[in-house]
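Engineer: Build the 3D model from these lines:
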Amino acid sequence: MTLPSLFDLSLIGRRDTPALEWNGARFTFGDIDARASRMANLLAARGLEKGDRLCVYLANCLEYIDLFLAATRLGVIFVPVNVLYRDREIRHILHDAEPKALITTAAQTEFIPDPPTPIWLLEDLRAELPNQPTTRTINVTDADTPAAIVYTSGTTGTSKGAVLTHHNFVVNAVNLLTIWQFTPADRLLLTLPLFHVHGLGNGIHCWLASGCLLRLTERFAHDQAAQWMREFQPTVFFGVPTMYVRMLEWPAETAAEVGRSMRLYVSGSAPLPAQTHEEFRAKFGHTILERYGMSETLMNITNPYIGERRPGSVGLPMPGVSVKNADPDGNPVPDGEVGELYLKGPNLFAGYWRRAEATEQAYRDGWFRTGDIAVRSPDGYYTLQGRRSDLIISGGFNIYPREIEEFLAEQPGVEEVAVASSPDPRRGEVPVAYIVGACDTAALEEACRANLASFKVPRAFLKIDKLPRTALGKIQKHLLPKWEPAN
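Structural biologist: Predicted structure coming up:
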């Protein structure tokens, strides 16, 4: 099945049903279908053909959905670009993907001087759109057709474009609808950026496949989100850990009111601290469902909708997804021991765009190597320990930063924490803790020495104003200030 076929369950089958709220306006599924048809005809008139790449450098807006739906119908490969990216990062994507055009706003063109690609302004498309016919054109019949190229964050090197097919997206959407029990009666508040698979592949696809009502916002705004939830009364909310941390600042009566309409809070894109998990349950009356996915694979593992949602764990493998926890040689490790997550399944991407060698290196014996380190419990739950690249080997001992971070997050005054590696002439490398919050670093060190093995105790506790994060809340440890021991 292709994405247009999946989405037509709502765009045609629920044509007169309210579908979307955006900036105070409401649209039916028939309205969304007509807009998508107009946009597809406009893009085709501008010369876009099947197989062409189209870069979209926009914040969340109604036209973002139009453009994505149009691309899926034309067989154009959609290339979302992080709206926070600037010249160097955008240039890399444009040179790598070689798109036919880049769509952005006039205000954002200042961030892409002398682009190698023609720029189409959103303002011009808006003016032209009403004059286009609503004739439906579907050029995609093969589910293995690429639907999008999603660029990885590139924290350890040049970002790579993960090619996701119609089949990848369809499998992911059907899985989520089934295991998270989406129905047309749901009301989804979506504040995540659509340039990421969390907002696009989960949020937009679950909406269109289920036929529920969506309210889309440009971004998550802590000072407005409570009012949005009071007004819209969503039943489902997709968020990242930093959103839930900010929501914990709301008064107890606000949390209780918001929680009454909800049935499901989902967290992903970054690890959810166990402490946040417990505090949220106590305050909102809901247990956040944490799951695990990647740009290359969409969703892989999730805590159950019915059953135990275990704090600190990402849960159990999703339908059709095989998971193996392996040692450096690719052999399975016993339950309770640390290994790297390997994956198989129909959700796996088609490869890295024009990088055959990188694609080959990402696999071992048919298994995709995620680079994520985890422990599997005897009853099948997986708990992430961090990235393979984050592993600290100090004096021959393996140190997993997530363990130290979880402990420090429980200490008084610690708002956020990250543990990273620092070179050491004797031990090779040592852990260093970066702390946000009004806390006593001497007390933190004492607590670590009392509760952790000596080699796990951070060599330094550095207080900083905030942790560097991606737009989806992932900590960018390579941007943390360097620490050097005093002579």
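Engineer: so Lys160 makes contact with Ala356?
Structural biologist: No. Under the criterion of Cβ atoms under 8 Å, Lys160 is not in contact with Ala356, lying 11.7 Å apart. Any C-beta I mention is one placed from the backbone N, CA and C, and that applies to glycine too.
Engineer: These two: which has the busier surroundings?
Structural biologist: Between Lys160 and Ala356, counting by other Cβ atoms under 10 Å, Lys160 is the more crowded of the two (22 against 9).
Engineer: Report the contact partners of the more buried one.
Structural biologist: The contact partners of Lys160, by Cβ atoms under 8 Å, 6 or more residues apart in numbering, come to 151-152, 154, 352-353, 355, 358.
Engineer: Flag the least confident of those.
Structural biologist: Among the contacts of Lys160, Gly154 has the lowest pLDDT, at 53.
Engineer: What residue spans form the domains of the protein?
Structural biologist: The record's domain parsing of the chain by automatic domain parsing lists 3-199, 220-343+369-387, 391-479.
Engineer: distance between the ends of the second one?
Structural biologist: This points to domain 220-343+369-387. One end of domain 220-343+369-387 sits 27 Å from the other (Cα to Cα, to the nearest Å).
Engineer: likewise the last one?
Structural biologist: Distance between the two ends of domain 391-479: 17 Å, counting by Cα to Cα.
Engineer: ditto for stretch 108-115
Structural biologist: First-to-last residue span, stretch 108-115, Cα to Cα: 12 Å.
Engineer: Surely Arg35 and Leu67 touch.
Structural biologist: No. Arg35 lies out of contact with Leu67 (Cβ under 8 Å); the separation is 10.0 Å.
Engineer: So between these two, which is more surrounded?
Structural biologist: In this comparison of Arg35 against Leu67, neighbours counted by other Cβ under 10 Å, the higher total goes to Leu67 at 26 against 22.
Engineer: for the more buried one, what are its contacts?
Structural biologist: Applying Cβ under 8 Å, 6+ apart to Leu67 gives the contacts 39, 43, 54, 56, 78, 103.
Engineer: So it versus Thr104, what's the distance?
Structural biologist: Distance of Leu67 to Thr104, computed by Cβ to Cβ, to the nearest Å: 11 Å.
Engineer: what does Leu194 give?
Structural biologist: In terms of Cβ to Cβ, Leu194 sits 14 Å off from Thr104.
Engineer: Helix, strand, or coil at Leu189?
Structural biologist: Secondary structure, DSSP: H, G, I helix; E, B strand; the rest coil: Leu189 is strand.
Engineer: what about it, how many neighbours?
Structural biologist: Other residues lying near Leu189 total 26 when counted by other Cβ under 10 Å.
Engineer: State the paired neighbours of the helix or strand bottoming out on mean pLDDT in the chain in the sheet, together with their directions.
Structural biologist: In the chain, no helix or strand scores lower on mean pLDDT, DSSP states H and E than strand 397-399, which sits at a mean of 80. Sheet pairing of strand 397-399 (DSSP bridges) gives strand 392-394 (antiparallel).
Engineer: now the partner strand, how far from the centre of its chain.
Structural biologist: 28 Å (Cα atoms, centre = their mean, to the nearest Å).
Engineer: So what touches that strand?
Structural biologist: Applying Cβ under 8 Å, 6+ apart, the contact partners of strand 392-394 are 398-401, 421, 424, 427-431, 455.
Engineer: got the contact list for Phe29?
Structural biologist: Phe29 is in contact with 10-12, 14-17, 19, 211, counting by Cβ under 8 Å, 6+ apart.
Engineer: got it, and Ala44?
Structural biologist: Shown in contact with Ala44 (Cβ under 8 Å, 6+ apart): 74, 137.
Engineer: For it, give its distance to Arg126.
Structural biologist: Counting by Cβ to Cβ, the gap from Ala44 to Arg126 is 17 Å.
Engineer: All the helices of the stretch 301-450 of the chain, residue numbers only.
Structural biologist: Using DSSP state H, counting those that start in this stretch, the helices of the stretch 301-450 of the chain run over residues 356-361, 401-409, 441-451.
Engineer: which strands and helices sit next to the last one?
Structural biologist: If you count contacts as 3 or more Cβ pairs under 8 Å, 6 or more residues apart in numbering; DSSP states H and E, helix 441-451 packs onto helix 401-409, strand 428-436, strand 460-463.
Engineer: who does the second one touch, helix- and strand-wise?
Structural biologist: With contacts defined as 3+ Cβ pairs under 8 Å, 6+ apart, the secondary structure elements packing on strand 428-436 are strand 392-394, helix 401-409, strand 416-424, helix 441-451, strand 460-463.
Engineer: Could you dump the ones you listed into a markdown table with distance to Pro184, mean neighbour count and mean pLDDT added?
Structural biologist: Output for the helices and strands packed on strand 428-436, formatted as a markdown table (distance: least, Cβ to Cβ, whole Å; neighbours: other Cβ atoms under 10 Å; pLDDT from 0 to 100):
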| stretch | distance to Pro184 | mean neighbour count | mean pLDDT |
| --- | --- | --- | --- |
| strand 392-394 | 48 | 18 | 84 |
| helix 401-409 | 39 | 21 | 88 |
| strand 416-424 | 38 | 20 | 89 |
| helix 441-451 | 49 | 14 | 92 |
| strand 460-463 | 49 | 16 | 93 |
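Engineer: Arg86: which of those is closest?
Structural biologist: Ranking those by proximity to Arg86 (Cβ to Cβ) places strand 416-424 first, at 23.4 Å.
Engineer: Which residue comes closest to Ile90 once chain neighbours are left out?
Structural biologist: Spatially, and ignoring its direct neighbours in sequence, Ile90 is nearest to Ile112 (5.1 Å; Cβ to Cβ, 6 or more residues apart in numbering).
Engineer: Isn't the one you found up against Arg88?
Structural biologist: No. Counting by Cβ under 8 Å, Ile112 stays clear of Arg88, with 10.2 Å between them.
Engineer: of the contacts of Lys160, closest to Ala326?
Structural biologist: Relative to Ala326, and with distances defined as Cβ to Cβ, the nearest of those is Ala358, at 19.7 Å.
Engineer: pretty sure the closest one is touching Arg369, no?
Structural biologist: No. Using Cβ under 8 Å, Ala358 is not in contact with Arg369; the gap is 11.7 Å.
Engineer: In JSON lines, list the helices of the stretch 301-450 of the chain along with distance to Gly339.
Structural biologist: JSON lines is the format used below for these (distance: least, Cβ to Cβ, whole Å):
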{"stretch": "helix 356-361", "distance to Gly339": "19"}
{"stretch": "helix 401-409", "distance to Gly339": "14"}
{"stretch": "helix 441-451", "distance to Gly339": "25"}
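Engineer: Among those, which comes closest to Ile475?
Structural biologist: Ile475 sits nearest to helix 401-409 of all the helices of the stretch 301-450 of the chain, at 9.2 Å, using Cβ to Cβ.
Engineer: Can you name every helix or strand that the closest one contacts?
Structural biologist: Applying 3+ Cβ pairs under 8 Å, 6+ apart, we find helix 401-409 packed against helix 274-284, strand 382-387, strand 416-424, strand 428-436, helix 441-451.
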